[in-house]
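Student: Structure for this input, please:
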Amino acid sequence: MRPVHRPVALILTAPVGGGHDAAARAVARELEDLGYATVVANALRRSGRWVEWVIVRGYRFQLRHAPWSYELMYRLLKRRLPSRFGKWLPGFIGARSIRKLCDEVQPSVIVTTYHLAGAMLSRLRRQGRLRVPAAAVITDLAPHPMWCYPRLDAHLTMDERSADAFAPLTKAPTFAVRPPVDPAFGRSDRAVARDALGLTPDDRAVAVVGGAWGTGHADDTARACADAGWRPVVVTGHNDELRASLEASAPDGTIVLGYTDDMPAVVAACDAVIVNAPGLTCLEAFASRVPVLIHEPIPGHGRDNAAYMDACGLLTYARSAAELTSALEAMRDDPRPLQVARAARMFDGPRCADVLTALRPAPAPRRRRAAVAVLVACLIPALTTTRVGVAETSNLLRRPLVQPGGQAQDVALCIRFGRDLAHEHETLSLLRSDDANATFFVSFEDASEHPSIVRTLISGGNEIGNGGDGETLLIPMAVRKYRRANEGLRVITGVSPRYSMPVGGRLTLGQVLAASHVRPVLGAIGASDRAMRTIRRGEIFVIDLSRPDGVQRVRQLLRAAAERDLRVVDVSQLLAARTASHA
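Tutor: From the prediction side, this is the model:
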C-alpha cells in the first residue's frame, strides 16, 4: 500500500508569556483532529537566539521594573510611522529564517499566534515567496495596529465585536472564531478539584493568576480578596521569588501554587478568577463558565483590553483595591450570570481549524524591477499633460476613471460653481422641474465659505464632487491637499465625494496618486450649441455656472435631452445604468 501523506500545518508562536504557546497547542490539537500533521515552531528562536533573548528578556524586564516604558512603546506603536517600522524590523530580521523553515516543513497552511511572526509572514508574502494560506490568531480583543497584517489571508479574532473593530486595520478577511483553549477547561470535576486544593464546601475561592511569569502584585490582590471574605488561590507561575514571599506573608487560608499544568482543575475549583492580563487565562475562565475580574492590569494591551472587555460586559475591571473588594463582596450574592453568559457565547463560533482549512492563498504580488519603476516615473509627468495620457496613466497606476459611454438612455450633467456659488436656486428649480439630477463640483475652499448652499445642492438627490483641489506640482503636498479636501467635503455634507473633475481635463500626478477612492471624470464636453444639436446617450456634459450664460446652458441641455428622450442624471446614475445595461 502507498503511504498516506497527511497535509502539514505550520504554527508559529513565541514564549513571550505562556498564552501564545498555549493558543498554538490548542490550534494544533484542532488541526490534528482534522487529519493534519502539525509543526509548532518558536519564531523568535528561529530568527536567532539573540532575537529571542532581546525580545523575551526585554519584555519581562519592562513589565517587572519599567512598566511605564512598555506603556509608552505600546501607545507609540499605535501611530502610523512607528507601527510601520515596528512591523518592518522583525520582518527584515526573521523572514529569511521562516522561509527556510517553510522549505523544510512544506506546509499546506501556516498560522501564527504571535504578532511579530505575522510580520515575517507578511514580508514573505510581499516578496512573492509565500504561496500557501497564512493567517494570524489574535487572542487580544482590543484592536491595535501591531496585531494586523493586511497581506495575510485572514485574521481570526475571539469575538464578533472584535472582528468588526479589527476589520479596518486588517484590510483582509477577519473571522470571529471559538477561542483556542484546552478542551479540558469546563470539563474538570469541581468537587474533586476543590478536594485536591483543600477547599471546604463553605469556602468562596478566587484564583489569582499572574500568567506564566507571575507578574503583578499578587500579594496585594490576595489581601484584598481576604478582606472581602474570599479565600485566595494564588498561582505564581515560574516566579519562585513571589511564591516564597506569599508563603511567608500571605493572609491566613491563602493557597499558594507555583507553576502548574493542571489549570483546568484550579479554575474549576474556584468561584471567580482574577487576572492582571487579558491573555489566555481570561479565555480559559470564560470556557469554564467562571466569572472574571481584572485588577492592576499590565500596561499597554493589558489596560486597553481590560477597559474593552469591561465595556463589552464580559468581565469586571476593578481599578483599585477598594473596587476589587467591593466587587468581590457583591459577587458573594450575585455571581454575575449575565457576564458569564455573554462570555460563553464566544464559544458558539467555528473552530480556528475549520476556518484555516478553508483558506485559499491570495495571489502573490508581481515584483516590479527597478528599471520599470524608473521608466514609469519618467513617463508619468509627460503622460499627464493630455487627456489620453491621463487615461493611460490612470490605467497604469490602476486608478479608475469615469469616461463617456454606455447604452442607457442617459446623459450625465456636471456643474461647476464659481467662488460665490451663485445661481444655485435657479439651477435647482430647473433640475426639479425636469426631474433631473446633476453632480455639482465644488472646491473645499468654496464649500467652507458657503456650507449651507452646498448642503442645499445635495438635498434634492444631487451629489457633490471635488472641484479640482490638489492642483500643485509638489506631489506629497498635492496628495495631502486632495485627501484633506475630500475629507472636508465629507464633513460639510455628511457624504464622501465619489468623483472629481480636474480643471481643463488634466490631472496632475498628485491627483492621480491620490485618486484611489475618488474617481476623476474625464472626457466631459462643454454644453455648446453644436454639442447639444448632436447630443448622444452616454455623454457627459459640464457647465460652468460662473459664466454669464451658465443657467441658460442648463436650460438648453435639459430641453435638448427631452427632445431625444434622454434622461439627465448625475454621474453615479449614469454609471449604474451603464452597469445594468451590461448585465
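Student: For the stretch 201-350 of the chain, which segments count as strands?
Tutor: Assigned by DSSP state E, counting those that start in this stretch, the stretch 201-350 of the chain shows strands spanning 205-209, 231-235, 255-257, 272-275, 292-295, 316-318.
Student: in the chain, what secondary structure element scores lowest on mean pLDDT?
Tutor: Ranked by mean pLDDT, DSSP states H and E, the helix or strand of the chain with the weakest confidence is helix 387-396, at a mean of 48.
Student: Give the other helices and strands that whichever helix or strand comes after it contacts.
Tutor: Going down the chain from helix 387-396, the next helix or strand is strand 410-416, by DSSP states H and E. Secondary-structure packing of strand 410-416 (3 or more CB pairs under 8 Å, 6 or more residues apart in numbering; DSSP states H and E): strand 439-442, strand 540-544, helix 550-563, strand 567-569, helix 571-582. The way it works is simple: take the backbone N, C-alpha and C, and place the C-beta from them, glycine included.
Student: Tell me if Ile110 really is in a helix.
Tutor: No. Secondary structure of Ile110 (DSSP: H, G, I helix; E, B strand; the rest coil): strand, not part of a helix.
Student: tally of neighbours for it?
Tutor: 30 (other CB atoms under 10 Å).
Student: Use 49 as the first number for this chain going forward.
Tutor: New numbering, starting at 49: the last item is Ile158.
Student: The most centrally placed residue in the chain - nearest residue in space that isn't next to it in sequence?
Tutor: With distances taken as CA atoms, centre = their mean, Leu217 lies nearest the centre of the chain, 2.2 Å away. Distance criterion CB to CB, 6 or more residues apart in numbering; nearest residue to Leu217, sequence neighbours excluded, is Cys196 at 4.2 Å.
Student: Leu124 too?
Tutor: Pro130 is the one closest to Leu124 (CB to CB, 6+ apart), at 4.9 Å.
Student: Look at the one you found and say how many residues are nearby.
Tutor: 15.
Student: Which strand or helix spans it?
Tutor: helix 128-153.
Student: Show me what that helix is packed against.
Tutor: Secondary elements touching helix 128-153 (3+ CB pairs under 8 Å, 6+ apart): strand 56-61, helix 91-95, helix 163-174.
Student: and that helix, average pLDDT?
Tutor: For helix 128-153, the mean per-residue pLDDT is 92.
Student: mind listing what's buried in that helix?
Tutor: Buried residues in helix 128-153, counted by 16 or more other CB atoms under 10 Å: 131, 134-135, 138-139, 141-143, 145-147, 149-150, 153.
Student: so which strand or helix has the nearest residue to Phe395 once chain neighbours are set aside?
Tutor: Nearest non-adjacent residue to Phe395, counting by CB to CB, 6+ apart: Arg226, 5.1 Å away. Assigned by DSSP H and E, Arg226 belongs to no helix or strand.
Student: any idea how far Arg226 lies from Ala70?
Tutor: Separation of Arg226 from Ala70 (CB to CB, to the nearest Å): 15 Å.
Student: ditto for Thr373
Tutor: 30 Å.
Student: same question, Val450
Tutor: Counting by CB to CB, the gap from Val450 to Ala70 is 53 Å.
Student: what do you get for Ala495?
Tutor: For Ala495 relative to Ala70 (CB to CB), the value is 55 Å.
Student: So between the two, which is more surrounded?
Tutor: Ala495 (27 against 23).
Student: contacting residues for the more buried one?
Tutor: For Ala495, the contacting residues are 502, 512, 536-537, 540-541, by CB atoms under 8 Å, 6 or more residues apart in numbering.
Student: again, but for Gly397
Tutor: 208, 224-226.
Student: And for Arg105, the neighbour number?
Tutor: 10.
Student: Regarding it, which helix or strand does it belong to?
Tutor: helix 97-113.
Student: now for that helix, which elements pack on it?
Tutor: When contacts are defined as 3+ CB pairs under 8 Å, 6+ apart, helix 97-113 sits against helix 91-95, helix 115-124.
Student: Pick the most buried one from those.
Tutor: helix 91-95 (a mean of 22; mean count of other CB atoms under 10 Å).
Student: Kindly export that helix (C-alpha atoms) in CSV.
Tutor: Taking Å, rounded to 0.1, in the frame of the first residue of the first chain, the C-alpha atoms of helix 91-95 are listed here in CSV:
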residue,chain,number,x,y,z
ALA,A,91,9.5,32.0,15.5
LEU,A,92,11.9,34.1,17.7
ARG,A,93,14.3,31.2,18.2
ARG,A,94,14.3,30.5,14.5
SER,A,95,15.2,34.1,13.9
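Student: Which elements pack onto that helix?
Tutor: helix 97-113, helix 128-153, helix 163-174.
Student: any chance of those in a markdown table, with distance to Ala575 too?
Tutor: A markdown table is the format used below for the helices and strands packed on helix 91-95 (distance: least, CB to CB, whole Å):
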| stretch | distance to Ala575 |
| --- | --- |
| helix 97-113 | 65 |
| helix 128-153 | 44 |
| helix 163-174 | 48 |
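Student: List just the one of those helices that sits closest to Ala320.
Tutor: helix 97-113 (23.8 Å; CB to CB).
Student: ok, residues contacting that closest one?
Tutor: With CB under 8 Å, 6+ apart, helix 97-113 has contacts from 62-64, 90, 92-93, 117-118, 121, 141-142, 164, 261, 263, 346-347.
Student: Mind listing what's buried along stretch 388-397?
Tutor: 388, 390-391, 394-395, 397.
Student: swap in stretch 250-268?
Tutor: 251-264, 266-267.
Student: Tell me how far that stretch lies from the chain's centre.
Tutor: 33 Å (CA atoms, centre = their mean, to the nearest Å).
Student: what do you get for stretch 598-616?
Tutor: With CA atoms, centre = their mean, you get 47 Å for stretch 598-616.
Student: repeat for stretch 508-518
Tutor: 29 Å.
Student: State the mean pLDDT of it.
Tutor: On average, stretch 508-518 scores 78.
Student: try stretch 255-268
Tutor: On average, stretch 255-268 scores 85.
Student: Give me the distance between the two termini of that stretch.
Tutor: 14 Å (CA to CA, to the nearest Å).
Student: what's the closest non-adjacent residue to Leu461?
Tutor: Using CB to CB, 6+ apart, the closest residue to Leu461 is Ala486 (4.1 Å).
Student: and if you look at Asn485?
Tutor: Asp618 (4.4 Å).
Student: residues contacting that neighbour?
Tutor: Per CB under 8 Å, 6+ apart, neighbours of Asp618: 460-461, 485-487, 510-511.
Student: Would you convert those into TSV that also reports distance to Val314?
Tutor: Formatted as TSV, the contacts of Asp618 follow (distance: CB to CB, whole Å):
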residue	distance to Val314
Ala460	69
Leu461	72
Asn485	67
Ala486	69
Thr487	65
Asn510	65
Glu511	61
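Student: Using the record's domain definitions, break the protein down for me.
Tutor: By the assignment in automatic domain parsing, the chain contains the domains 56-226, 238-395, 448-630.
Student: how much space between Val569 and Gly513?
Tutor: Per CB to CB, Val569 is found 7 Å from Gly513.
Student: which neighbours do those two share?
Tutor: With CB under 8 Å, 6+ apart as the test, Val569 and Gly513 both reach 462, 487, 547-549, 619.
Student: Among the residues you listed, which one sits closest to Ser293?
Tutor: Closest to Ser293, out of all of those and judged by CB to CB, is Ser548, at 66.3 Å.
Student: I'd assumed Phe492 was in contact with that closest one.
Tutor: No. Using CB atoms under 8 Å as the test, Ser548 is too far from Phe492 to be in contact (11.1 Å).
Student: picking up where we left off before, Ala215 versus the residue nearest to Leu217, what's the distance?
Tutor: 9 Å.
Student: more crowded one of the two?
Tutor: Cys196 (24 against 16).
Student: dump the residue contacts of the more buried one.
Tutor: Counted by CB under 8 Å, 6+ apart, Cys196 has contacts 166, 184, 186, 203, 214, 217-219.
Student: again, but for Thr475
Tutor: Counting by CB under 8 Å, 6+ apart, Thr475 has contacts 463, 486, 593, 599, 602.
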